[in-house]
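Undergrad: Sequence first, then the predicted structure, then my questions.
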Amino acid sequence: MKYRRITLFSGLLLGTVCFAAQTDSPNLTQYVDQYIGTGGHGHTFVGPTVPFGAIQPGPNHFNQGWDWCSGYHYSSTVLRGFSHLHLSGTGCSDTGDILVMPTTGEIKINRGSLNNPDSGYASRYSHDRETVSPSFYSVILDDYDVHVDLTSTERVALHRYQFPSNQIGHVIIDLHDGNGDDQPTQTYLERIDEKTFGGYRFSSGWADDQRVYFALTVQNDIETVDLYAGGKKSKRTSEKGKDIKAVLSFSPTPEPVLLKVAISPVSIENALGNIVAEMPNWNFEEVVAQADKKWNDQLSKIQIKTDSDETQHIFYTAMYHSMIAPVLFNDHNRDYRGTDKKIYKNAPFDNYSVFSLWDTYRAQHPLMTITQPERVDDMVQTLLAIYEQQGKLPVWHLMGNETEEMIGYHAVPVIVDAYLKGFDGFDAKLAFDAMKVSALKNHEGGGYLKKKKGYIPADKEVESVAKGLEYAIDDACIALMAQSLGRKKDAAYFQKRAKAYAHYFDPETTFMRGRMSDGSWKTPFDPTHSLHRRDDYCEGNGWQYTWLVPHDVEGLIGLFGSEEVFLTKLDALFSMNSDLSKGASADISGLIGQYAHGNEPGHHSSYLYAFAGQQWKTAETVRKILRTQYAARPDGLCGNEDCGQLSAWYIFSAMGFYPVHPAIGKYVLGSPVVDRAVITLQNDKTFTLEAKNNSDQNIYIQSATYNGQPYTQGYITHQMITDGGTLTLNMGSVPNPSFASAPANRPTSKL
């Protein structure tokens, strides 16, 4: 395909490059391709933002189903406007709030339809006249010949519209419109002064009670302002209801029309304050340059060397995707609205939202302990504040709402990982109490774990196997923190619960499978069959879930009876027929055999070979996944991006290591696809991984050194990374079965 990353129409490229040249950060945004993941099932966001920014302005398409969860899909050719909140890579749709659309000609206040865009304000467009980058978005609306440019700070978007100089330009503000399941419950718009507007949009969808306040200010003189309520023109200067819209009209001019849109979770006044604090002037090029610098500063925390242009683009796009969420959920003055809907003034931490924890606890949050240490304490404090406000840790938190989406209490490994790595900017006692309370609730089958049998019966609870395995991971993490805090009774209790995975293992079939209340196995049983969210698994099947014991791989191997049986079964996972014709969840994608890289429960599976002494097979399998499941094209992600997890897997694996256990600070060696990766740490130290003689054929580690000394372990530690130093891997085309094969050199699940 034809890529158009930064070929800006207004000469902006020159200004951006000149700005970057005056800083120490390399120009790495040139390798970020926002189109990656916008095709297929990637569900990724397109538009300008800054790392972890609260506002994410961008184009919205007509929602045609699951693949439009972000509001944008590469296959679409009709835009219905530009909204200011989006999700990236999720499996559910929501947001799309505060939609703005520039038009010319006849005023239309309804968006029209996909099949008949002429019936409303929507417009056709083409990718040939669209430019995407992390800090800048540009498109020409074909039906109006309007050139749209967008950029942003953390909480403020800047729009620039070039209307045809001989036509009246209109800007439609549509507070009714949202993405997917999102529906307005109450909207409000007022004209504050000649050029300033404020309002809010309350809605219900995936997030039951989302509240977004906004302020909009215009640089240019406005010729007329018309408000609409329920489709009828109003003579008032403010209106409230479910369907509030406005049309701002501008006299013909050769000058561009500029407007700022700021959001707030608290109030219109705070949204106005965000504009004053973050975007005091109207210099579009300067805002782009500042956003570009913020991205380059973050992307340069890991600098890679590779001869492959495609690898550069995949890697830095993955880095970019790993910093789209969680998002800031407070104002510049640190006010935020809690899950309890109360306003918390001047909080002592940055508050965040959009926590896709079932996905991100596996790799994205461990990655942030390396690349975003300055944010980790604030994120943990956010999780604990949510606990205090709703009585339990978040499951899937969206724009200040608990969605209860997915399973497990996976804020736990995020907190324990931070605690065990030495992050201390939060109350450890409160953290432990929050984890314990959340784990002991009789929710989603959790109550069965407190009973004598200690497992979740398949005839009593849907997704019983998946829930049981995920809970065991979380309980293992609680046990580790209890042990560290000297809470021996709690440690023993949760250590026992962490072993509950064994209840679901059938030694005859060697699969994890549903168990009935009487102890019998649920029948019929087909390990390739799956009913989406309606059987014993969660978005997976028996083949994929049998390996979900990252906290006790040694114990899992023991259930198989021997390493040989374990390895033979693991080989079969990656080599057997991929046929799912008997039934499968749509989330089962990116298949290699029955391994599904497009969904998170199996992300650690390729690294399990190393625990049984076959690191070379981990290397072989990881390289195959890197080679076949990622590409620099719109459908270059094999499944939902899931708020950074699919990309975090790539970042770790491309560098040559991965956190199988999410909370013990150990990273299992795989096979680096880059020749060198230099991680710049918070203390100005660097950790370098160098792969000598690396190539598409030389995928096997022959030997290793650490700071010049022989290194024989099949894993590295977080401490090694934060201390700085150099790990050198000598690569070859033939497996070296002896590397990290001795039991003393293998990775373990122990702290």
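TA: Cool, got the structure.

Undergrad: name the element the residue lying closest to L485 once chain neighbours are set aside belongs to?
TA: Nearest residue to L485, sequence neighbours excluded (C-beta to C-beta, 6 or more residues apart in numbering): F432, at 6.1 Å. For every residue, glycine as well, the C-beta is placed using N, CA and C. F432 belongs to helix 428-439 when elements are defined using DSSP states H and E.

Undergrad: What are the buried residues along that helix?
TA: 431-432, 434-436, 438-439 (16 or more other C-beta atoms under 10 Å).

Undergrad: got it, and stretch 479-486?
TA: Buried, per 16+ other C-beta under 10 Å, within stretch 479-486: 479-483.

Undergrad: could you dump those to CSV with distance to T306?
TA: As requested, the buried residues of stretch 479-486 are arranged in CSV below (distance: C-beta to C-beta, whole Å):
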residue, distance to T306
A479, 40
L480, 36
M481, 38
A482, 43
Q483, 41
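
Undergrad: I'd like to know how far G178 sits from E641.
TA: 21 Å (C-beta to C-beta, to the nearest Å).

Undergrad: Tell me which of the two has more neighbours.
TA: E641 (32 against 27; other C-beta atoms under 10 Å).

Undergrad: Any chance of the backbone angles for the more buried one?
TA: Main-chain torsions, E641, degrees, to the nearest 10: phi -60, psi -30.

Undergrad: ok, it touching L87?
TA: No - using C-beta atoms under 8 Å, E641 is not in contact with L87, being 9.9 Å away.

Undergrad: Would you mind listing the residues touching both of those two?
TA: Here E641 and L87 have H43 as joint contacts, going by C-beta atoms under 8 Å, 6 or more residues apart in numbering.

Undergrad: packing partners for the next helix or strand after the helix holding F432?
TA: Next along the chain after helix 428-439, taking DSSP H and E as the criterion, comes helix 464-484. Contact here means 3 or more C-beta pairs under 8 Å, 6 or more residues apart in numbering; DSSP states H and E; on that basis helix 464-484 packs against helix 411-420, helix 428-439, helix 488-498, helix 542-545.

Undergrad: how about a cut-off of 6 Å?
TA: Here helix 464-484 touches helix 411-420, helix 428-439, helix 488-498, going by 3 or more C-beta pairs under 6 Å, 6 or more residues apart in numbering; DSSP states H and E.

Undergrad: Take the ones you listed and lay them out in JSON lines including mean pLDDT and distance to L626.
TA: Shown next, in JSON lines, are these (pLDDT from 0 to 100; distance: least, C-beta to C-beta, whole Å):
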{"stretch": "helix 411-420", "mean pLDDT": "98", "distance to L626": "24"}
{"stretch": "helix 428-439", "mean pLDDT": "98", "distance to L626": "34"}
{"stretch": "helix 488-498", "mean pLDDT": "98", "distance to L626": "31"}
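
Undergrad: got TSV for these, with distance to D474 too?
TA: Supplementary listing: the helices and strands packed on helix 464-484 in TSV, determined by distance: least, C-beta to C-beta, whole Å:
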stretch	distance to D474
helix 411-420	4
helix 428-439	7
helix 488-498	9
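
Undergrad: Show me the domain layout of the protein.
TA: 12-299, 335-441 (automatic domain parsing).

Undergrad: if you average pLDDT over each of those, which comes out lowest?
TA: Lowest mean pLDDT within those: domain 12-299, a mean of 95.

Undergrad: okay, stretch 604-614 in PDB with CA atoms only?
TA: C-alpha atoms of stretch 604-614 as PDB (Å, rounded to 0.1, in the frame of the first residue of the first chain):
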ATOM      1  CA  HIS A 604       3.200 -16.500  27.300                       C
ATOM      2  CA  SER A 605       2.900 -20.000  25.800                       C
ATOM      3  CA  SER A 606       5.800 -19.800  23.300                       C
ATOM      4  CA  TYR A 607       8.100 -19.000  26.200                       C
ATOM      5  CA  LEU A 608       7.200 -22.200  28.200                       C
ATOM      6  CA  TYR A 609       9.700 -24.400  26.300                       C
ATOM      7  CA  ALA A 610      12.500 -22.600  28.200                       C
ATOM      8  CA  PHE A 611      11.100 -23.800  31.500                       C
ATOM      9  CA  ALA A 612      11.500 -27.400  30.300                       C
ATOM     10  CA  GLY A 613      15.100 -26.900  29.100                       C
ATOM     11  CA  GLN A 614      14.300 -26.200  25.400                       C
END
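
Undergrad: I would like the residues contacting that stretch, please.
TA: 547, 550, 553, 563, 566-567, 617-618, 621-622, 658, 660, 668, 714, 741, 746-747 (C-beta atoms under 6 Å, 6 or more residues apart in numbering).

Undergrad: Next: stretch 206-220.
TA: 92, 94, 97-98, 181, 195-203, 250, 257-264, 267-268, 271-272, 282, 398-399, 401, 403.

Undergrad: Sounds good, over and out.
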